[in-house]
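K.L.:
this is a predicted model, with the sequence first.
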Amino acid sequence: MFRRVKNKFLRYLLLLIYSVVLFTCAVQLNFLGLFGYSPTKRDIVMPTLNVASEVYTADSVLIGRYFEEDRDPVPYDSISSHIREALIATEDVRFYEHSGVDLMGLISGAVSTIKGDPRGASTITQQLAKNLYRTRYSHSQGYLSRIPGIRILVTKYKEWMTAFKLESKYSKNEIITMYLNTVSFSNNAYGIKSASLRYFNKMPSALDVNESALLIGMLKGTTIYNPIRNPKNAFQRRNVVLGQMQKAGYLSKEEMAAFATDSLKLNLDYQGTKDASDSYLRTAVERWLDKWSQDNEIDIYKSGLKIYTTIDSRMQKIAEEVVARKMEDLQRRLKNTWGSEEPWRDKEGKVIPDFLENHVRKLPVYPVLMKKYNGVEDSVFAELRVKKEMEVFTWDGMEKVNYSTMDSLKHYLMMLNTGMMAMDPYNGEIKVWIGGINHHYYKFDHVNQAKRQAGSTFKPFAYLAALESGMSPCDKYVDKPVRIEFVNKKGEHEVWEPKNADWTFSYREMSLRWAMARSLNSVTAQITEAIGWDKVVDAAYKCGIDSKLESVPSVGLGSNDVSVFEMVKAYGTFMNQGKRIEPILVSKILDMEGNVLAEFKAEEKQVVDPENAWLMTYMLRGTVEEPGGTSQALWEWDLFKGGNEIGGKTGTSSDYVDGWYIGLTKDLVAGVWVGCDEQSIHFKNSATGEGSKTALPIYALFMEELYKHPELGVTFGKFPESTVEIRKNYKCPSPRIEVQPDTTNVMDGIRLDSLRQRLPGLPQVRPVIVNPEQSEEKIEVLL
């Protein structure tokens, strides 16, 4: 075909053009897999960026991000002109003159290389092609890449082609914007916004000349010119960029000289770029979205979503501050409880032998050390007992100590942990989520991952089952010893004889409301036997408990393990007129353009008769209002203005391992658990370790602080009236044992005066001290 062309020069020119076209087609089509992937037209029109997703509270406070590359793109007009000028002056001075490939730059670079001064000739557009489409990664390479020297030629040619495509589709300003949003600046900062925040704690629009020059200088080598790791190199490279800006006409010689003497002036205070594992809340949101992400094939780490949670940042902050304050006190109390004694005890109270050693054997370092010392365990433990300087987490911050590994293990095992959740019982929106004391050291979430014995917080389900069987709050039982004979699942005959918490029985006849208020095991056991423990299990499941429950006589006393999440959800059923509502943590999700991808509303189902649900809220109020009610410690806080009503239930598991409190108000249901992750470490007695001494104070202080901010929607007031007729008898006042307070007792006088200041209508004649031996702790007021 080409032989017909007589002119030799023209023939070779046509042959060259034909070869180029043929080669270009082969490269673009990846002929026989020889050349690897090249960006398609669709790729050019819709370039893919791995953009971080952001998590917000309901009141639009940013609380975290999910990312593989911490990137948050910004538009052209949000980037300082100094950044653009520094980039063009340093990387591509003829950026506005070429169409993606700078032929003059290629020739100049080739000449310089021949002279022994290698110089790059890639334009900004070519670099964008490389960053955007990963042209130098293995997935973009074909079989020819295995031939030395061929790989770089093919890759360069693909970058040229891609650069021409980009220039034909996008304006110069769009290209420079995309470039600055894709490049890496080290320290997990991808894009100019992340970099400007990371290094200078300011938005990219506010960067000055020196800051811009420093960031652009890093692009030549993000490690060697990293201002944090290598400040001297970064300083020198910044000044090189300033020199390039002066050559390009962006700076005068005088300006360049002045800027060159200035220090780096980094500001590393920015704390906003935390990944999803930085807190319990962020991790909980990730777990909550797991199914949605899979169903919709959306990767929250790359999709640039805006995820709005139901959390109220102001409530969350109050809860976090209260938890930190009270847990510090409780930790000190636990430490004082044991003193120099070993705290890990079995059911008989004896020290568990080899306790720390057995924990060490579960650590990842143990097999490594065993291999190091050829299986000689004594040598392993000898190394682990060597003291060295380290930092450990305490409530006073990170503390430098001289600990061995064994000392450190003991320290962390003895730390009390907690879980707290608060929810609007009417729409299911979770307002507060605290999964533990410190996510960095304790990853396990104590709201919905940890499950512990519920203790007496489970008793309301036994009383609900009693109401559903036809009983009323005024039905009477006697507080007396109980003996229940039953056959277990193995077919064995067993006898169960529960004791009350104080190991005594009053032999007094009392209403169901009074018995539940006093949390009497004897009456709960009698009720459970009368209605059948299967009915108690059914009632719990209906209300929202999802964990497997063993149907045994002790089920009503909280012998099963459940989560804070389940308990708050189940108590919410009482407040929501018997409608079980599924708690929601995420309200809506937006894409990068602000379009709504999904909205979430809580699902609800009527599971309890509204009359019985209302009666349960009335009975739960009894823990505050009835003589000897287990929630009466709440009177120590400023919670009862304006006739405010609170219901709730304490819970304490065997040996004071777990302390619980679930509280109800007209606006909010909240639950708190306190205990050690290692269940053999716990308090010694009820005075220090029962739920009313550990979990209840956290709830009480949280509510006290929350009531100071009525704008958050939680205010003083009475429980809602029933929406249905209450046919069952529930108005049966309990008998009162009147004990005149000792007016000579200074503590009694102070507490009574304090109560009268909070409640102006407090009677002067009829205050009752429920337990004279604990008069400093429990004062009940008849209203």
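P.N.:
Great, that's in hand.

K.L.:
how close does Glu357 get to Met406?
P.N.:
Glu357 is 8 Å from Met406, where distance means CB to CB, to the nearest Å. (C-beta placed from N, C-alpha, C; glycine too.)

K.L.:
find residues that contact each of these two.
P.N.:
Contact with both Glu357 and Met406 is made by residues Phe381, according to CB atoms under 8 Å, 6 or more residues apart in numbering.

K.L.:
can you list the weak-confidence ranges in the protein?
P.N.:
Scanning the chain for pLDDT under 70 picks out 1-50, 70, 103, 105-121, 133-158, 160, 271-278, 737-783.

K.L.:
ok, for the spatially most central residue of it, nearest residue in space, not its chain neighbours?
P.N.:
Against the mean C-alpha coordinate of the chain, by CA atoms, centre = their mean, the closest residue is Leu281 at 1.9 Å. Leaving aside its chain neighbours, Leu281 sits nearest to Trp433 (5.1 Å; criterion: CB to CB, 6 or more residues apart in numbering).

K.L.:
cool, Trp673 as well?
P.N.:
Closest residue to Trp673 apart from its sequence neighbours, by CB to CB, 6+ apart: Gly419 at 4.7 Å.

K.L.:
got the contact list for stretch 229-236?
P.N.:
For stretch 229-236, using CB under 8 Å, 6+ apart, the contacting residues are 214, 217-218, 223-227, 263-264.

K.L.:
export only the CA atoms of it, formatted as PDB.
P.N.:
C-alpha atoms of stretch 229-236 as PDB (Å, rounded to 0.1, in the frame of the first residue of the first chain):
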ATOM      1  CA  ARG A 229       9.800  13.900  60.100                       C
ATOM      2  CA  ASN A 230      12.400  15.900  58.100                       C
ATOM      3  CA  PRO A 231      11.900  19.600  58.800                       C
ATOM      4  CA  LYS A 232      15.300  20.600  57.500                       C
ATOM      5  CA  ASN A 233      14.700  19.000  54.100                       C
ATOM      6  CA  ALA A 234      11.200  20.400  54.000                       C
ATOM      7  CA  PHE A 235      12.600  23.900  54.700                       C
ATOM      8  CA  GLN A 236      15.100  23.600  51.900                       C
END
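
K.L.:
use 801 as the first number for this chain going forward.
P.N.:
Will do, 801 is the new start, and the previous item becomes stretch 1029-1036.

K.L.:
ok, back up a step: could I get the phi/psi values of the residue nearest to Trp1473?
P.N.:
Main-chain dihedrals, Gly1219, degrees, to the nearest 10: phi -140, psi 140.

K.L.:
picking up where we left off before, quick one: strands adjacent to the strand or helix carrying the residue nearest to Leu1081?
P.N.:
Using DSSP states H and E, Trp1233 maps to strand 1230-1234. Here strand 1230-1234 has these sheet partners by DSSP bridges: strand 1216-1223 (antiparallel).

K.L.:
what's the residue nearest to Leu1081 in contact with, if anything?
P.N.:
The contact partners of Trp1233, by CB under 8 Å, 6+ apart, come to 1080-1081, 1084, 1111, 1116, 1220-1221, 1247, 1385.

K.L.:
cool, and Leu1105?
P.N.:
Leu1105 makes contact with 853-854, 1098, 1389-1392, 1397, according to CB under 8 Å, 6+ apart.

K.L.:
Tyr1080 touches Asn1238, doesn't it?
P.N.:
No. Tyr1080 lies out of contact with Asn1238 (CB atoms under 8 Å); the separation is 9.4 Å.

K.L.:
more neighbours, the two?
P.N.:
Tyr1080 (24 against 15; other CB atoms under 10 Å).

K.L.:
against Glu854, how distant is Tyr1050?
P.N.:
Counting by CB to CB, the gap from Tyr1050 to Glu854 is 34 Å.

K.L.:
go on, Asn1288?
P.N.:
53 Å.

K.L.:
for Trp1092, same thing?
P.N.:
Counting by CB to CB - Trp1092 and Glu854 are separated by 16 Å.

K.L.:
now the strands for the stretch 851-1000 of the chain?
P.N.:
Ranges of strands in the stretch 851-1000 of the chain, per DSSP state E, counting those that start in this stretch, are 853-856, 862-866.

K.L.:
stretch 1218-1238: which residues count as buried?
P.N.:
If you call a residue buried by 16 or more other CB atoms under 10 Å, then stretch 1218-1238 has these buried ones: 1218-1226, 1228-1237.

K.L.:
quick one: end-to-end length of it, please.
P.N.:
For stretch 1218-1238, the first-to-last residue distance is 10 Å (CA to CA, to the nearest Å).

K.L.:
and for stretch 1317-1337?
P.N.:
The first-to-last residue distance of stretch 1317-1337 comes to 21 Å (CA to CA).

K.L.:
can you give me the strands in the stretch 1101-1250 of the chain?
P.N.:
Counting by DSSP E, counting those that start in this stretch, the strands of the stretch 1101-1250 of the chain are 1106-1109, 1188-1194, 1197-1203, 1216-1223, 1230-1234.

K.L.:
just the angle between the second one and strand 1197-1203, please?
P.N.:
Here strand 1188-1194 runs at 140 degrees with respect to strand 1197-1203, directions being taken by axes from the mean of the first three to the mean of the last three CA atoms, to 10 degrees.

K.L.:
now the last one
P.N.:
With the same axes, to 10 degrees applied, the angle from strand 1230-1234 to strand 1197-1203 works out at 20 degrees.

K.L.:
hang on, Thr1450 in a strand?
P.N.:
Yes. The assignment for Thr1450 by DSSP: H, G, I helix; E, B strand; the rest coil puts it in a strand.

K.L.:
that one bridge partners, please.
P.N.:
Bridge pairing for Thr1450 (DSSP bridges) gives the partners Tyr1461.

K.L.:
measure it to Trp1088 for me?
P.N.:
Remark: distance between Thr1450 and Trp1088 (CB to CB) = 29 Å.

K.L.:
and Ala1057, by the same measure?
P.N.:
Separation of Ala1057 from Trp1088 (CB to CB) stands at 57 Å.

K.L.:
mind checking which of those two has more residues around it?
P.N.:
Trp1088 (18 against 13).
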